[in-house]
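> with the input below, show me the fold.
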Amino acid sequence: MENFCTIGKLEHKEGYDVCRNVDERGELRYDLTKIFPKQFTAGHYHLGDEPELYEVQSGQALFLIQSRDAEETYLIDTREKEKVIIAPGFSMRTINPSAKINLIISNWVNNNVHNDYNAFKAIPEPIKLKPKSLPAELENLDFLINPSKYSNLLTVNNLYEKI
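Below you'll find the model as predicted:
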């Protein structure tokens, strides 16, 4: 993606760039993130435990997620065009494992979400997962606005499988 941020607001972070508000759908915001080789995002929790939907646009992404109580830590290995839902109550950090290629990911998130960047506690050896196909009931993105309606689907067991 040569023209990474032609629409939206570009933010430079350590090891990555974020292009905010590339698109909007009502209460939802669409962002792009470019993570440089062998770098990772700061990682964050949503203060209200809201879910978030990510898609790998190009490259390979490792999503490190951890429950708020740090009892569960997972590493989700994803490839281009795979989607990952960060379940309510989990923090998230994205890692670019490539030594040469920039990673581009996109995300849909509720505009009312507030992040806590003091995300991760001590990180034990994570359980390795890969994403399952997005359930049809979640395709309309309503789960980002009304997560409680979909709580039975927004679980680690329903969203991922062990590698």
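> I'd like the next helix or strand past the helix or strand that R93 is a member of.
Per DSSP states H and E, R93 falls inside strand 90-95. Going down the chain from strand 90-95, the next helix or strand is strand 103-110, by DSSP H and E.
> tell me the centre residue of this protein?
Centroid check for the chain by C-alpha atoms, centre = their mean gives Y54 as the closest residue, at 4.5 Å.
> and the next helix or strand past the host helix or strand of that one?
For Y54, the element it lies in under DSSP H and E is strand 52-58. For strand 52-58, the following helix or strand on the C-terminal side (DSSP H and E) is strand 61-67.
> can you list contacts of that next one?
With contact meaning C-beta atoms under 8 Å, 6 or more residues apart in numbering, strand 61-67 is reached by 35, 40, 43, 54, 72-78, 84, 86-87, 89-97, 103, 105, 119-121, 123, 126. Heads up, the C-betas are built off the backbone N, CA and C, glycines and all.
> give the buried subset of those residues as a PyMOL selection command.
Restricted to buried positions by 16 or more other C-beta atoms under 10 Å, the PyMOL selection for the contacts of strand 61-67 reads:
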select buried, resi 35+40+43+54+72+73+74+75+76+77+78+84+86+87+89+90+91+92+93+94+95+96+103+105+119+120
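> pretty sure Y45 sits against S91.
Yes: here Y45 reaches S91: they are 4.4 Å apart, a contact under C-beta atoms under 8 Å.
> now the lengthiest strand in the chain: average pLDDT?
The single longest strand within the chain, with elements called by DSSP state E, is strand 16-25. Across strand 16-25, the average pLDDT comes to 96.
> any idea of the angle that strand forms with strand 90-95?
120 degrees (axes from the mean of the first three to the mean of the last three C-alpha atoms, to 10 degrees).
> past the helix or strand bottoming out on mean pLDDT in the chain, which element shows up next along the chain?
Every helix and strand in the chain was compared by mean pLDDT, DSSP states H and E; the lowest is strand 115-116, with a mean of 90. Downstream of strand 115-116, the next assigned helix or strand under DSSP H and E is strand 127-131.
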